[in-house]
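>>> heads up, no residue letters with this:
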């Protein structure tokens, strides 16, 4: 059953579909802003919309620096902010008599601008390129992309408080550097440059929506905890302060429907022990005449869940029959496909419960699997799944266990030396035998349990390139499990990681 979430209100629609100017931007309005100037379209458009003005002599003076007060006034108009019912921002150099007081107060109240450490705002100070970048990202609530995952081409932009915002504008194509590898962050921005930058931000903001935690029934938001592999939208959880409640940004990429899971909490702070909250939604992106529109729909639905069938490299499945726990045939020829998460063969289960699958191999051999699906503890779209291949006895070469490591000492893997069974009363769990002068083990299950085996010679390993994981493999763990009455023996490595 689906529950509609009533959040397609005006602010969200506005965030998705930015207004089109509709003005004759090519009309020259100022004597010193000919159409040949790169900022002419932006200046003329803003002038036609009464967002900016010129001087009594009919000029715009595009090369003059723009001040922090002037920038605040333009942005407040551009965003159509309420500048009447504002609170005093408390800046010692911005009194009510100041012509920019209302705009500065409105932007400060919206946490778009801040002042200097000494309590001043500097309304008459020229605004710098880096300051303008940060104001525009906040004012237009642009996607807070992880700047640490973006290449920074600018060797002179390393200020942590502004670098991320410069890179967001650069990623969206809103701004470029003064050269291919410099941004000149401390340079004052001119009136012409400011108009062009603001217009580019207005036009360049992607179709997106932002949700505060309370709009999703939470006091604070942790993260997007899982989402199905998709390319319909991109999700970001951003925080205005380190331990703030967070906001969810969803950026539309293309038309379609996809899934979204969000985790959050109820309470004063994420550092305390609050009630954890989980929500799941469908994300709908539709193409309209005004561009992409994004909406979300809360749901209780579960989606079909993959059950991976364990196979050796040489085994090929020809056909699979699916049975209920009471051995009723449910599907005489279950559809096979490659799992999304890895290269295993999967069948799809659509309802929770216990099942058996019987796979007929190309060789004629049959393999049985026990499958159990249950509703997840949290609000996920897929069932919690457990699949065991019937294997009461298992023969394997220890060297095969190392193949999943990014790098390991192959010579050492062949020379693990003697093995020692560490677990007490291991013989009650399984019979473990080793072929003389080899690394081949034969295990036969007796009852459910785990046996730890220690190698005489540990083996050094590292993980995949870039994951920074390394350590030694000191032995193996032999596990006997039971699912729906089927017994399964497995073996896995025991690690000691380097920190």
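Sure, I can see it. On a predicted model such as this, the values are computed, not experimentally measured, just so you know.

>>> Which parts of the stretch 101-250 of the chain are helices?
101-109, 129-139, 160-171, 191-204 (DSSP state H, counting those that start in this stretch).

>>> buried sites along stretch 423-443?
Buried residues in stretch 423-443, defined by neighbour count with 16 or more other CB atoms under 10 Å: 423, 426, 429-430, 432, 439, 441, 443. The way it works is simple: take the backbone N, C-alpha and C, and place the C-beta from them, glycine included.

>>> again with stretch 47-63
Here stretch 47-63 shows 47-48, 51-52, 54, 60, 62 as buried, counting by 16+ other CB under 10 Å.

>>> And stretch 443-462, by the same measure?
443, 445, 449, 451-453, 455, 458-459, 461.

>>> Narrow the residues you listed to those in strands?
Counted as lying in strands by DSSP state E, out of the buried residues of stretch 443-462, are 443, 445, 449, 451-453, 455, 458-459, 461.

>>> And those residues, which is closest to residue 484?
Nearest to residue 484 out of those is residue 445 (CB to CB; 15.3 Å).

>>> Work out for me the element the closest residue to the closest one other than its chain neighbours sits within.
Distance criterion CB to CB, 6 or more residues apart in numbering; nearest residue to residue 445, sequence neighbours excluded, is residue 480 at 4.4 Å. Element membership for residue 480, per DSSP states H and E: strand 470-483.

>>> could you give the mean pLDDT of that strand?
Average pLDDT, strand 470-483: 94.

>>> Mind giving me the packing neighbours of that strand?
Identification of packing neighbours for strand 470-483 by 3 or more CB pairs under 8 Å, 6 or more residues apart in numbering; DSSP states H and E yields strand 384-389, strand 430-434, strand 449-462, strand 486-497.

>>> which residues of the stretch 1-150 of the chain score low on pLDDT?
Scanning the stretch 1-150 of the chain for pLDDT under 70 picks out the ranges 1-26.

>>> Strands of that one, residue ranges please.
For the stretch 1-150 of the chain, no strands are identified by DSSP state E, counting those that start in this stretch.

>>> Let me know the closest of the buried residues of stretch 443-462 to residue 296.
Using CB to CB, these come closest to residue 296 at residue 461, 43.3 Å.

>>> Give me the pLDDT for that closest one.
We have a pLDDT of 83 for residue 461.

>>> Check residue 274 too.
Residue 274 is given a pLDDT of 66.

>>> mind starting the numbering at 624 from now?
Noted, 624 is the first residue going forward, which turns the last one into residue 897.

>>> on that earlier part again, of all the helices and strands packed on strand 1093-1106, which one comes closest to residue 815?
strand 1072-1085 (54.3 Å).

>>> Can you name every helix or strand that the closest one contacts?
Looks like strand 1072-1085 contacts strand 1030-1031, helix 1033-1037, strand 1042-1044, strand 1053-1057, strand 1093-1106, strand 1109-1120 (3+ CB pairs under 8 Å, 6+ apart).

>>> Bridged to the residue nearest to residue 1068, which residues?
Counting by DSSP bridges, residue 1103 forms beta bridges with residue 1072, residue 1112.

>>> what's the neighbour count on residue 826?
15 (other CB atoms under 10 Å).

>>> mind checking how far it is from residue 739?
31 Å (CB to CB, to the nearest Å).

>>> For stretch 763-776, report the contacting residues that lie outside it.
Stretch 763-776 is contacted by residues 638, 702, 759-760, 781, 786-787, 790-795, 800, 803-804, 824-825, 828-829, 831, 833, 857, 859, 861, 872, 874 when judged by CB atoms under 8 Å, 6 or more residues apart in numbering.

>>> Ok, stretch 783-798 next?
Contacts of stretch 783-798 with the rest of the structure, by CB under 8 Å, 6+ apart, involve 752-754, 756-757, 759-761, 765-768, 770, 773, 775-777, 780, 799-800, 806, 808, 820, 823-824, 827-829.

>>> Can you flag the buried ones in these?
752-754, 756-757, 759-761, 765-768, 770, 775, 777, 780, 800, 806, 808, 820, 823-824, 827-829.

>>> all strands of the stretch 774-923 of the chain, in order?
Using DSSP E, counting those that start in this stretch, strands in the stretch 774-923 of the chain cover 831-834, 843-849, 856-861, 870-875, 879-889, 898-911, 914-921.

>>> where does the stretch 924-1073 of the chain dip in pLDDT?
In the stretch 924-1073 of the chain, residues with pLDDT under 70: 964-965, 1029.

>>> What segments of it are strands?
928-932, 940-947, 952-954, 960-961, 968-972, 976-984, 989-997, 1007-1012, 1016-1020, 1030-1031, 1042-1044, 1053-1057, 1063-1068, 1072-1085.

>>> quick one: the fifth one to strand 1007-1012, angle?
Strand 968-972 runs at 130 degrees relative to strand 1007-1012, counting by axes from the mean of the first three to the mean of the last three CA atoms, to 10 degrees.

>>> and strand 968-972, which residues are buried?
Quick answer for strand 968-972 (16+ other CB under 10 Å): 968-970, 972.

>>> With distance to residue 735 added, can I get those residues in CSV?
Shown next, in CSV, are these (distance: CB to CB, whole Å):
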residue, distance to residue 735
968, 53
969, 49
970, 53
972, 49
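
>>> Tell me the one of those residues nearest residue 839?
residue 972 (29.5 Å).

>>> contacting residues for the closest one?
927-930, 978, 994, 996, 1006, 1008.

>>> List the beta-bridge partners for it.
Here residue 972 sits in beta bridges with residue 928, going by DSSP bridges.

>>> Residue 1027 versus that one, what's the distance?
Residue 972 sits at a distance of 26 Å from residue 1027 (criterion: CB to CB).

>>> And residue 1015, by the same measure?
Residue 1015 is 24 Å from residue 1027, where distance means CB to CB.

>>> Equivalent analysis for residue 910, please.
Distance from residue 910 to residue 1027, by CB to CB: 43 Å.

>>> How about residue 877?
Counting by CB to CB - residue 877 and residue 1027 are separated by 35 Å.

>>> which phi and psi does the residue of the chain most remote from its centre have?
No residue in the chain sits farther from the centre than residue 680, which is 52.3 Å out by CA atoms, centre = their mean. Backbone geometry at residue 680, expressed as degrees, to the nearest 10, gives phi -80, psi 10.

>>> what's the neighbour count on the closest residue in space to residue 976 that isn't next to it in sequence?
Among residues not flanking residue 976 along the chain, residue 996 sits closest, at 6.1 Å (CB to CB, 6+ apart). Close neighbours of residue 996, defined as other CB under 10 Å, add up to 22.

>>> Mind listing the residues bridging to residue 996?
Under the criterion used (DSSP bridges), residue 996 bridges to residue 976, residue 1008.

>>> likewise residue 991?
Here residue 991, judged by DSSP bridges, has bridge partners residue 981.

>>> And it, how close does it get to residue 1019?
On the measure of CB to CB, residue 991 and residue 1019 end up 19 Å apart.

>>> Name the residue in the two with the higher neighbour count.
Neighbour totals were compared for residue 991 and residue 1019, and residue 1019 leads with 18 against 15 (other CB under 10 Å).

>>> can you pull the contacts of the more buried one?
1063-1064, 1066, 1114.

>>> would you turn those into a markdown table with distance to residue 651?
Below are the contacts of residue 1019 laid out as a markdown table (distance: CB to CB, whole Å):
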| residue | distance to residue 651 |
| --- | --- |
| 1063 | 86 |
| 1064 | 85 |
| 1066 | 85 |
| 1114 | 79 |
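
>>> from those, which is closest to residue 840?
Closest to residue 840, out of all of the contacts of residue 1019 and judged by CB to CB, is residue 1114, at 45.6 Å.

>>> pretty sure the closest one contacts residue 1103?
No. Assessed by CB atoms under 8 Å, residue 1114 is found out of contact with residue 1103, at 10.7 Å.
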